[in-house]
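>>> From the sequence below, what's the structure:
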Amino acid sequence: MLQKKWLIISCGDADGVGYELVLKILSSSHNPFIGYFNPIIIGNFNWLKYIAYKYNLTFFPFKVNTEILQSFQLLDLSKNHCLVIDILPEIKNSEVKKFIGKISFFSLEKMCEVVNFFLRNNLEFFVLTMPISKSKICKFYKNFKGHTEYFADKFNISKNKISMLMKGKDKEGNIYRVLLLTRHVPLVDVSKNLNSKDIFFQVNNVVNFINKYEEKKVKKIFFCNLNPHSGEEGKIGKEEKTIILDGIRLLKKHLSIEIIFPLQASDAFNYAKRNTNSLIVATYHDQAMVPLKLLCGYNIVNITVGLPFIRVSPGHGTASDVALKNKVDVSGVILCLETLFEFSKKL
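Predicted coordinates:
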């Protein structure tokens, strides 16, 4: 049996579904993969207790801090047990909604402190982040642009050296792996954020990651166009014939993988369904996420590639409209743990 890996989890926004998801995955009845990890939960402890009581969820926490984590290094936590680092304990449940962004941001700050501790001590671990609202965090930290950029900044990684890999599973069990060449930028600025060297690095980075950690290696790359009809020979856009094609030429010099380009996103996803050993490369956020969510619903995991650790997150938002209504969809976070379990076999 594999030795348990540490799993550091931030609970995300308290007015979203993150806290409920965290508590539900602690139960093996909701998630058979949780037994392969020792969870460290980072969030507001009183709110965790409230959610557990509301849904009658089994919850056996041990409150700790980073100073005493040293004594827990060899601990093997039993079912439903976890370590909890309390964030802003002075906030009462009646006040939580006033401080959503502050709790979320300080949870991430504390997570980075814990991650640094694990890195210094050469411990094997993964990071799982629950969804947050950027606008709420920006009330306390104006420059916050999202998890991916935040972690890149905290661990001194250039933002163009970080890759966003999305992985979705449809109802038939088909897996789609999609690289987003650009992330959270306005559509009008997408072409300004594309260059051949970054395209080469991003694709090469993700292919190497997949081939290292996943059973199904990349044998085909389906590369999406940027402009309608692939620019119609430059009449309505030249990026396909210049920036993207130059990037693909660089890739072909270094990767012995078939690259099919240019493709409409619809064709790329159709081909990927029939070719499970493939990677879709999308030029911008919604080119990837719209078809992925139509095909896979919430059964999507967001994987950050390029950090000194592996970080995953369910591929959906805070879902505050269904929070505290017992309607949360756990499929995304279960896919997160299923993916980490697969990765753990290669560490």
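>>> Do you have the helices of the protein handy? List them.
Counting by DSSP state H, the chain has helices at residues 18-25, 45-54, 100-120, 134-137, 147-154, 196-213, 245-254, 265-274, 285-296, 331-344.
>>> Per-residue confidence, the closest residue to L88 other than its chain neighbours, what does it come out as?
Spatial nearest neighbour of L88, excluding adjacent residues (CB to CB, 6 or more residues apart in numbering): I103 at 5.6 Å. For every residue, glycine as well, the C-beta is placed using N, CA and C. On pLDDT, I103 comes in at 96.
>>> shouldn't I103 be in contact with A14?
Yes - with contact defined as CB atoms under 8 Å, I103 and A14 form a contacting pair (5.7 Å).
>>> Now do the shared contacts for those two.
Taking CB atoms under 8 Å, 6 or more residues apart in numbering as the criterion, I103 and A14 both touch G43, N44, W47, V96.
>>> Turn the helices of the chain into CSV, including mean neighbour count and distance to L77.
Listed next are the helices of the chain as CSV, based on neighbours: other CB atoms under 10 Å; distance: least, CB to CB, whole Å:
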stretch, mean neighbour count, distance to L77
helix 18-25, 25, 14
helix 45-54, 17, 16
helix 100-120, 20, 16
helix 134-137, 18, 30
helix 147-154, 20, 25
helix 196-213, 18, 24
helix 245-254, 16, 43
helix 265-274, 17, 38
helix 285-296, 19, 31
helix 331-344, 21, 15
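>>> Looking at those, which is nearest to P61?
helix 45-54 (7.2 Å; CB to CB).
>>> The residue sitting furthest away from the middle of the chain and S196, how far apart?
For the chain, the C-alpha farthest from the mean C-alpha position belongs to K235; by CA atoms, centre = their mean, that distance is 37.2 Å. Distance, K235 to S196, using CB to CB, to the nearest Å: 22 Å.
>>> Of the shared contacts of I103 and A14, which is the nearest to L77?
G43 (17.1 Å).
>>> on that earlier part again, in TSV: the helices of the chain, plus distance to W6.
What follows is the helices of the chain, written out as TSV (distance: least, CB to CB, whole Å):
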stretch	distance to W6
helix 18-25	15
helix 45-54	19
helix 100-120	7
helix 134-137	25
helix 147-154	17
helix 196-213	17
helix 245-254	34
helix 265-274	33
helix 285-296	28
helix 331-344	11
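>>> Looking at those helices, which is nearest to T304?
helix 147-154 (5.6 Å).
>>> For the closest one, which helices and strands make contact with it?
Helix 147-154 sits against helix 100-120, strand 300-305, strand 311-314, with contacts defined as 3 or more CB pairs under 8 Å, 6 or more residues apart in numbering; DSSP states H and E.
>>> any residues touching it, and which ones?
108, 112, 129, 132, 144, 157-159, 161-162, 164, 183-184, 304, 306-307, 311, 313.
>>> Filter these down to the buried ones, PyMOL style.
Per 16 or more other CB atoms under 10 Å, the buried members of the contacts of helix 147-154 correspond to this PyMOL selection:
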select buried, resi 108+112+129+132+144+157+162+164+183+304+306+307+311+313
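>>> Is it correct that R177 is in contact with Y213?
No - contact criterion CB under 8 Å: R177 and Y213 do not qualify, at 11.5 Å.
>>> Pass me the low-pLDDT residue ranges in the stretch 51-200 of the chain, would you?
70-75 (pLDDT under 70).
>>> rewinding a little: quick one, which of the helices of the chain is nearest to E239?
helix 245-254 (8.8 Å).
>>> and the closest one, what other elements does it pack with?
By 3+ CB pairs under 8 Å, 6+ apart, helix 245-254 packs against helix 196-213, strand 258-263.
>>> need those in JSON lines with distance to N275, can you?
Formatted as JSON lines, those follow (distance: least, CB to CB, whole Å):
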{"stretch": "helix 196-213", "distance to N275": "14"}
{"stretch": "strand 258-263", "distance to N275": "10"}
